[in-house]
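Q: Build me a model:
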Amino acid sequence: MIFNVLLIFSVIYSVTATTCNNPQVEHNTYSTKEALLSSRTVFVTDITLKCDGQATKINLYAELNGHITLVGKDTETDKYQVTFEDHHRKLPANNYLLKFYNED
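A: Numbering: from 1, shown residues only. As a prediction, the model looks like this:
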């Protein structure tokens with residue numbers, strides 16, 4: 001199975017009102033390779049978010065097909081990770097739009 005994920009970021013604000021100006025995002029996506037050996041499709045997206053200024057405490061949520069989940073953050077770096085999983089019929093090989101939001 002092959003997944004392509006399009007990431008969408010807007011100007012991001014955290015709870016402490018820190019602003020992420022000019023967000024620069026790099027990402028890698030990994031997905032279930034063998035559908036015959038598993039009953040669910042899983043994909044993981046690793047994200048590196050860099051902002052102009054000192055925005056380091058940004059809490060993010062990700063949305064895929066109406067499902068929202070908290071995005072995990074490495075406390076020492078600017079790296080994030082999000083995982084989505086569902087039955088194969090609900091997440092077939094396709095292009096997916098993965099949206100990211102802050103807490104506001």
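Q: give me the element the residue nearest the centre of the chain is part of.
A: Taking CA atoms, centre = their mean, the centroid of the chain lies closest to Val82, which sits 4.7 Å from it. Assigned by DSSP states H and E, Val82 belongs to strand 79-87.
Q: Sheet-wise, list the partners of that strand with their directions.
A: strand 40-52 (antiparallel), strand 72-73 (antiparallel) (DSSP bridges).
Q: What is the distance between it and the centre of its chain?
A: Computed by CA atoms, centre = their mean, to the nearest Å, the chain-centroid distance of strand 79-87 equals 7 Å.
Q: lowest-confidence helix or strand of this protein?
A: Across the helices and strands of the chain, mean confidence by mean pLDDT, DSSP states H and E is lowest for strand 12-13: a mean of 43.
Q: Low-confidence bits of this protein, can you list those?
A: 1-19, 34-37, 53-56, 104 (pLDDT under 70).
Q: let's see 50
A: The model of the chain has pLDDT under 50 over residues 1-3, 9-17.
Q: returning to what we had before: these two touch, right, the residue nearest to the centre of the chain and Tyr101?
A: No - in this structure, Val82 is not within contact of Tyr101 by CB atoms under 8 Å, at 11.7 Å. In short, each C-beta sits where N, CA and C put it, glycine included.
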